[in-house]
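1. structure, please.
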Amino acid sequence: MKIDIEFLIITGISGAGKSQTIKCLEDIGFFCVDNLPTVLIPKFAEFCLKSGNKIIKVALGIDIREGKFLNNLFNALEKIKKMKIDYKIIFLDASDEILVRRYSETRRIHPLAKNKEAILSGIKKERNKLQEFKGKADRIVDTTNFNLSELKESITSFCLNIKEKMVLNFSLLSFGYKYGIPMDVDIIMDVRFLPNPQYVESISRFTGNEIEVRDFVLNKSSTKKFLKKFFDLIIFLLPCYIKEGKSYLSIAVGCTGGRHRSVVIVNELKNLLEKKGVNIKVRHRDIEKK
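-> Next up is the predicted model:
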């Protein structure tokens with residue numbers, strides 16, 4: 001009897017929230033093991049298969065502090081792939097500023113730093129070491145602006161999407177470039193070329209969720225031309241991503257402050273995709289910032 005196991009690898013930049021993610025997965029029924037040596041991953045996977053249906057949801061937290069981290073991990077993942085286990089990789093990340101702040105607040109030292117003064121240097125070394133592995137991740141989660149509730153929602157959403165392999169689930173995000181580019185998205189669209197409501201005194205105080213701003217942005221000829229081309233691209237991509245077995249696609253739209261143009265375009269994209277029967281989650285990251 002073939003046993004389908006949900007097998008997650010949780011890793012990423014130290015301080016980005018691995019331990020909290022493990023706790024979130026435990027809350028939704030995953031059997032979690034943190035800091036399992038990578039050479040033992042195939043043995044553990046074999047144990048799960050032999051357990052019958054007793055262990056079918058597994059999450060392993062992998063730490064860069066283990067020696068020969070990447071070589072051992074790649075070898076281990078190759079072995080479990082031969083066992084016909086379809087594993088998924090969740091990679092956690094956050095901005096350097098936030099990571100440094102978290103280490104300072106907890107008075108911990110980064111695993112690749114010699115002392116507290118070298119935390120940023122340690123973070124940069126770790127980014128270089130994990131660059132290749134990050135590129136192989138099925139889901140990158142940027143925890144820079146997440147609280148615990150938002151982290152749990154993001155992880156839970158991803159786990160639910162795994163079961164719907166032939167359904168492409170969308171995450172749409174509006175953001176402001178002045179507050180930083182999101183790290184956990186597949187496609188970023190810059191709409192700062194569109195007319196800016198910020199400079200129209202009568203509507204600048206509103207957001208893109210309100211009709212005054214929406215009409216201002218959408219009634220411009222440049223917006224109409226852009227939306228046609230942008231929507232055509234997204235519709236073209238839908239079957240392509242599904243054919244490749246991708247179950248989750250995240251698109252971010254950015255303007256200067258993240259309150260007007262990007263919000264309008266994300267809302268319009270949401271309306272389009274809903275008509276196609278696509279599962280969508282929308283987040284306006286910077287809409288409340290002044």
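
2. contacts, neighbours, all on C-alpha from now
-> Will do.

3. and the nearest residue to S14 once chain neighbours are set aside, what helix or strand is that in?
-> Excluding its sequence neighbours, the residue lying closest to S14 (Cα to Cα, 6 or more residues apart in numbering) is H110, at 7.2 Å. Here H110, judged by DSSP states H and E, is contained in no helix and no strand.

4. can you pull the pLDDT of H110?
-> On the pLDDT scale, H110 is placed at 78.

5. now do the SS call for I140.
-> The three-state label given to I140 by DSSP: H, G, I helix; E, B strand; the rest coil is strand.

6. so it touches P182, yeah?
-> No: if you go by Cα atoms under 8 Å, I140 and P182 don't touch, sitting 10.4 Å apart.

7. which one's more surrounded, these two?
-> When I140 and P182 are compared on other Cα atoms under 10 Å, the one with more neighbours turns out to be P182, at 24 against 21.

8. name the helix or strand for I10, please.
-> Using DSSP H and E, I10 falls in strand 6-12.

9. quick one: contacts of that strand?
-> 18, 21-22, 56-63, 85-93, 130, 134 (Cα atoms under 8 Å, 6 or more residues apart in numbering).

10. which strand residues bridge the residue lying closest to K134 once chain neighbours are set aside?
-> Of all residues not flanking K134 in the chain, F91 sits nearest, at 6.4 Å (Cα to Cα, 6+ apart). With DSSP bridges as the criterion, F91 is bridged to T11, I140.

11. so how far is T21 from F91?
-> The gap separating F91 from T21 is 10 Å, by Cα to Cα, to the nearest Å.

12. strands of the stretch 151-290 of the chain, start to end?
-> Per DSSP state E, counting those that start in this stretch, the stretch 151-290 of the chain carries strands over the ranges 169-176, 187-190, 248-255, 279-284.

13. reformat these as CSV; add distance to R205 and mean pLDDT.
-> Listed next are those as CSV, based on distance: least, Cα to Cα, whole Å; pLDDT from 0 to 100:
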stretch, distance to R205, mean pLDDT
strand 169-176, 16, 91
strand 187-190, 22, 96
strand 248-255, 16, 92
strand 279-284, 16, 89
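
14. with just CA atoms, put the strand holding I10 into CSV.
-> Provided in CSV are the C-alpha atoms of strand 6-12 (Å, rounded to 0.1, in the frame of the first residue of the first chain):
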residue,chain,number,x,y,z
GLU,A,6,3.5,15.4,3.7
PHE,A,7,7.2,15.8,4.2
LEU,A,8,8.4,19.4,4.9
ILE,A,9,11.9,20.7,5.3
ILE,A,10,12.0,23.9,7.3
THR,A,11,15.2,25.9,7.0
GLY,A,12,16.4,29.4,6.2
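
15. model confidence over the helix or strand just after it, on average?
-> Downstream of strand 6-12, the next assigned helix or strand under DSSP H and E is helix 18-27. Average pLDDT, helix 18-27: 90.

16. now helix 18-27 against strand 6-12, angle please.
-> 160 degrees (axes from the mean of the first three to the mean of the last three Cα atoms, to 10 degrees).

17. CA atoms of helix 18-27 as PDB?
-> Extracted C-alpha coordinates of helix 18-27, given in PDB (Å, rounded to 0.1, in the frame of the first residue of the first chain):
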ATOM      1  CA  LYS A  18      12.300  28.500  12.200                       C
ATOM      2  CA  SER A  19      11.400  27.600  15.800                       C
ATOM      3  CA  GLN A  20       8.100  29.500  15.600                       C
ATOM      4  CA  THR A  21       7.300  27.800  12.300                       C
ATOM      5  CA  ILE A  22       7.900  24.400  13.900                       C
ATOM      6  CA  LYS A  23       5.500  25.300  16.700                       C
ATOM      7  CA  CYS A  24       2.900  26.400  14.100                       C
ATOM      8  CA  LEU A  25       3.200  23.100  12.300                       C
ATOM      9  CA  GLU A  26       2.800  21.100  15.500                       C
ATOM     10  CA  ASP A  27      -0.400  23.000  16.200                       C
END
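
18. list the helices and strands it packs on?
-> Here helix 18-27 touches strand 6-12, strand 31-34, strand 57-61, helix 148-162, going by 3 or more Cα pairs under 8 Å, 6 or more residues apart in numbering; DSSP states H and E.

19. mind listing what's buried in that helix?
-> Across helix 18-27, burial judged by 16 or more other Cα atoms under 10 Å covers 18, 21-22, 24-26.

20. do the same with stretch 270-282
-> Under 16+ other Cα under 10 Å, the buried positions of stretch 270-282 are 270, 273, 280, 282.

21. check which helices and strands the helix or strand L77 falls within sits against.
-> Using DSSP H and E, L77 sits within helix 69-82. The helices and strands touching helix 69-82, judged by 3+ Cα pairs under 8 Å, 6+ apart, are helix 41-50.
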